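Colleague: Structure for the following, please:
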Amino acid sequence: MVMIKYLKSYIAFILAILSLVASSTAFATTIQATVSKNKVVKNEVFQLKVVVDQKVSSDDIDFSVLEKDFYLGRPSFGTSINIINGKRTSYSEWNISIAAQRIGVSTIPAFTVDGATSQPIAIQVGVDNDQPNVDDLVEVQSHLTKTQLYPNESALLKTRLIIKADPRRLQNPQIIPPIAQGLTLAAEGEASQYQSVRDGMEVTVVDQDFRVTADQAGEFSVSGIGFKGSVVYGNNRSGTTRLIDASTPAEQFKLVVHPIPDNYQGNWLPASKLSLDQRWTDSSGKPISGERYETKVGESITREITLDIDGITAERFPNINVNYPNSIRIYQEKPQFSDLGKGTTRMTLTQVLIPQQEGEIALNDISINWWNSTEKQQQTATIKGITLSVTAGEALNTSEPVVLNTLPSTAETITVKDSGVWPYLTALFAALWLITLVLLFKATSAKAQRKLETTVPSKKSEALIHALTKGDMLQASFLGKQWLNETQFNDDQLKQQVKDELEAMNASVYATEKRHWDSKKLIKLIKKLDKQSTKIKPSSGQLEPL
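Modeller: Now for the predicted structure:
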């Protein structure tokens with residue numbers, strides 16, 4: 001009896017052990033990896049599926065281990081729960097598109113989740129003779145306009161990306177920006193993307209120009225743009241889809257920056273081309289020619305100076321200061337800069353000059369020394385001044401006038417100063433001032449804002465009326481002349497009336513006896529004439545090759 005009882009206990013213990021082992025085996029995690037094809041051609045897209053019979057996280061498998069031999073798409077992940085006859089099962093599944101990038105045998109390694117490991121898979125990769133070249137899908141172009149510079153001089157790096165495939169088939173496209181170590185590199189405007197036709201095929205083009213500026217002498221390397229990404233390519237004949245690597249390296253350029261010549265005299269100004277010009281006009285906007293001009297006290301003349309430089313940015317332009325005699329009253333605008341294209345920048349300086357005394361007044365020449373980087377020699381650009389023969393107006397005011405923005409009174413040489421660091425400090429203070437102004441406007445109430453409406457309007461006619469309202473006759477004379485010269489009007493008679501009123505206004509400033517001049521009539525004429533103004537919009541051009 002004791003023996004039988006002991007045997008029953010032993011059998012119960014064995015059954016318990018087997019039950020525990022069976023339960024542990026039932027709950028063990030399993031993982032399985034499969035592919036849609038195990039024989040493919042290079043760049044052909046096929047599917048990899050990994051299934052785990054447990055609910056796990058999507059980041060439990062790191063597919064980056066495949067990047068050595070395969071191109072990867074974006075993995076999709078999902079979980080599911082099945083209940084059959086009261087038995088609950090969970091599954092987690094990954095699906096990812098991959099393409100082999102090497103010919104031969106590539107292996108999908110084993111994946112491990114919760115201690116379970118899948119079997120590695122060998123992929124046979126062959127050659128596809130019908131696969132297109134990278135140049136048939138994506139093309140990158142870069143062109144550096146100059147390979148030899150001087151300090152402060154710049155060159156244009158013109159870049160273009162041509163996408164010959166359907167842009168919707170691009171995978172993870174990325175334009176690699178240019179690199180210019182030891183040089184100042186700045187984008188010229190925004191990138192331009194558009195559709196075009198190349199060899200009878202519609203393509204997508206992305207153009208972007210960069211300005212490369214030399215800061216010091218030496219030898220440097222400039223890297224154009226590159227492209228990184230792939231293209232999904234389908235073969236209609238075989239019915240296969242391939243993921244083709246379209247990455248294109250950047251073109252490299254060597255740039256030599258020569259030192260400043262020891263024999264150069266004056267402020268350093270290098271350029272491959274420089275043009276200094278001017279235009280004289282009378283108070284009615286008619287051109288003035290010759291070396292002498294007869295005028296009267298109080299009548300204005302305008303000197304418009306234009307400086308075109310190829311290879312210099314606006315912030316590196318020289319300051320042009322002209323020393324006029326103290327018998328000339330001057331109103332000078334801030335220099336205006338414009339991009340003429342192909343690396344040329346124009347600075348326009350407008351001065352309104354009003355003689356205050358009778359006699360002969362010599363207005364100075366302007367000379368600028370510069371270094372011709374093409375001819376490698378120093379040159380001087382000069383524009384001639386003129387002599388004013390000033391006669392009396394209606395009545396002269398010989399008292400000392402109030403001079404606005406008058407420059408130092410010597411009739412000698414013109415100095416051209418290097419901008420140096422001041423433009424940057426000016427820009428910084430201007431930015432801080434603008435930020436302060438914005439905060440001030442936000443803090444004030446709507447009622448207070450109405451009281452602050454003293455800013456000069458941007459429209460020329462409105463700015464002219466604003467100057468007349470303030471009683472700033474000099475500024476009104478300058479703005480009135482600009483407005484009449486830059487705008488087309490249909491009523492010549494009304495335009496002449498405005499000119500007559502402006503001349504009467506100028507004459508009243510220099511009268512010995514106080515003469516009353518009312519601006520109301522002129523303001524009324526300005527508003528009436530402004531309604532007849534005509535504006536002309538420029539037309540856009542067509543794409544030019546790099």
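Colleague: The chain: helices as residue ranges?
Modeller: 2-26, 422-443, 446-451, 460-470, 473-486, 492-509, 520-530 (DSSP state H).
Colleague: between those, which has the poorest average model confidence?
Modeller: Among the helices of the chain, helix 446-451 carries the lowest mean pLDDT, at a mean of 39.
Colleague: what's the nearest residue to residue 225 if we skip its chain neighbours?
Modeller: residue 159 (4.4 Å; C-beta to C-beta, 6 or more residues apart in numbering). Where C-beta positions appear, they are placed from N, C-alpha and C, glycine not excepted.
Colleague: residues of the longest strand along the chain that come out buried?
Modeller: In the chain, assigned by DSSP state E, the strand with the most residues is strand 183-198. Residues of strand 183-198 classed as buried by neighbour count (16 or more other C-beta atoms under 10 Å): 183, 185.
Colleague: Also stretch 249-269?
Modeller: Buried residues in stretch 249-269 (16+ other C-beta under 10 Å): 250-251, 253, 255, 257-258, 264, 266-269.
Colleague: Next step: those residues restricted to strands.
Modeller: Applying DSSP E to the buried residues of stretch 249-269, the entries found in strands are 253, 255, 257.
Colleague: Save these as CSV, and put in pLDDT and distance to residue 503 too.
Modeller: Output for those, formatted as CSV (pLDDT from 0 to 100; distance: C-beta to C-beta, whole Å):
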residue, pLDDT, distance to residue 503
253, 96, 59
255, 95, 56
257, 96, 54
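Colleague: Going by distance to residue 106, which of those residues wins?
Modeller: residue 253 (37.3 Å; C-beta to C-beta).
Colleague: was I right about the closest one contacting residue 144?
Modeller: Yes - using C-beta atoms under 8 Å, residue 253 is in contact with residue 144, at 4.6 Å.
Colleague: who's in contact with the most centrally placed residue in the chain?
Modeller: Central residue of the chain (C-alpha atoms, centre = their mean): residue 189, 2.9 Å from the mean position. When contacts are counted by C-beta atoms under 8 Å, 6 or more residues apart in numbering, residue 189 is found next to residue 209.
Colleague: can you rerun that using 10 Å?
Modeller: The contact partners of residue 189, by C-beta atoms under 10 Å, 6 or more residues apart in numbering, come to 207-209, 339.
Colleague: Show me which of the residues you listed are buried.
Modeller: 207-209.
Colleague: that older thread, okay, and the common contacts of residue 253 and residue 144?
Modeller: 155, 157, 178, 180, 212, 222, 224.
Colleague: what pLDDT does the nearest residue to the first one once chain neighbours are set aside get?
Modeller: When the adjacent residues along the chain are set aside, residue 155 lies closest to residue 146, with 3.8 Å between them (C-beta to C-beta, 6+ apart). Reported pLDDT at residue 146 in the predicted model: 93.
Colleague: what does residue 406 give?
Modeller: So residue 406 comes in at 37 (pLDDT).
Colleague: got it, and the one 4 residues further on?
Modeller: Confidence at residue 410, expressed as pLDDT, is 36.
Colleague: Tell me, how many residues neighbour residue 461?
Modeller: When counting by other C-beta atoms under 10 Å, one arrives at 19 neighbours for residue 461.
Colleague: Nearest spatial neighbour of it, chain-adjacent residues omitted?
Modeller: Residue 461 sits nearest to residue 530 (C-beta to C-beta, 6+ apart), 4.3 Å away.
Colleague: okay but that neighbour is in contact with residue 483, surely?
Modeller: Yes - here residue 530 reaches residue 483: they are 8.5 Å apart, a contact under C-beta atoms under 10 Å.
Colleague: joint contacts of the two?
Modeller: Common neighbours of residue 530 and residue 483 (C-beta under 10 Å, 6+ apart) are 459-462, 464, 489, 498.
Colleague: Which among the residues you listed count as buried?
Modeller: Buried subset of the shared contacts of residue 530 and residue 483 (neighbour count, 16+ other C-beta under 10 Å): 460-462, 464, 489, 498.
Colleague: would CSV of the residues you listed with distance to residue 28 be doable?
Modeller: Converted to CSV, these look like this (distance: C-beta to C-beta, whole Å):
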residue, distance to residue 28
460, 85
461, 87
462, 84
464, 90
489, 93
498, 97
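Colleague: how about the residues you listed, which pair is most distant?
Modeller: 462 and 489, at 16.4 Å, using C-beta to C-beta across these.
Colleague: Show me which of residue 530 and residue 483 is the more surrounded one.
Modeller: Between residue 530 and residue 483, residue 483 has the larger neighbour count (other C-beta under 10 Å), namely 21 against 18.
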